[in-house]
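A.B. asks: missing the sequence, but the structure's below:
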């Protein structure tokens, strides 16, 4: 089967994916075909191309989920060095989520539908997150400006014990 159809399956995969991925998909197609060899119809090529289409779709879904997870994890790494560790952790998580939503739209150029898909939420939920994110980010920027202005002027807040 590989001798007869390997080149066609590989060409099919190469038209849809970059080199190494296409080679991996070709291998995966023939592993799947070997496992289901008893199910092989007389028209083996169309059957193999159907398997290839499924393997490629699975790879794309996996890659999409991986990228979305990577973005979520990267977003949580935004540091905030202005307060103690507990407050910093809470603020950082909130700001990170806000920043992630904003970044998907502003920097990555996704529309709301695409950004919602990347985060695994509905468009409505993403729109609400985006609206809230803009508000949180604006409040945080104002808070930081106020803190910076107080630090620059030498004004400090004293706590009586």
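C.D. replies: In hand now; what should we look at? As the structure is a computational prediction, the values presented were derived from the model and not from experiment.
A.B. asks: for residue 118, what are its contacts?
C.D. replies: The contact partners of residue 118, taken as C-beta atoms under 8 Å, 6 or more residues apart in numbering, are 64, 67, 68, 71, 104, 110. (Glycine included, C-beta is placed from N, CA and C.)
A.B. asks: ok, which pair from those residues is furthest apart?
C.D. replies: Greatest spatial distance among these (C-beta to C-beta): 64 and 104, at 13.2 Å.
A.B. asks: Settle it for me: which of these two has more neighbours?
C.D. replies: A count of neighbours by other C-beta atoms under 10 Å puts residue 104 above the other of residue 64 and residue 104, at 24 against 13.
A.B. asks: where exactly do the helices run in this structure?
C.D. replies: For the chain, applying DSSP state H gives helices covering 2-16, 19-35, 44-75, 85-106, 112-119, 123-153.
A.B. asks: and residue 106, how many neighbours does it have?
C.D. replies: 11.
A.B. asks: What count of nearby residues applies to residue 52?
C.D. replies: For residue 52, using other C-beta under 10 Å, the count is 24.
A.B. asks: I'd guessed it sits against residue 9; true?
C.D. replies: Yes: contact criterion C-beta atoms under 8 Å: residue 52 and residue 9 qualify, at 5.6 Å.
A.B. asks: okay, and the common contacts of those two?
C.D. replies: With C-beta under 8 Å, 6+ apart as the test, residue 52 and residue 9 both reach 26, 29.
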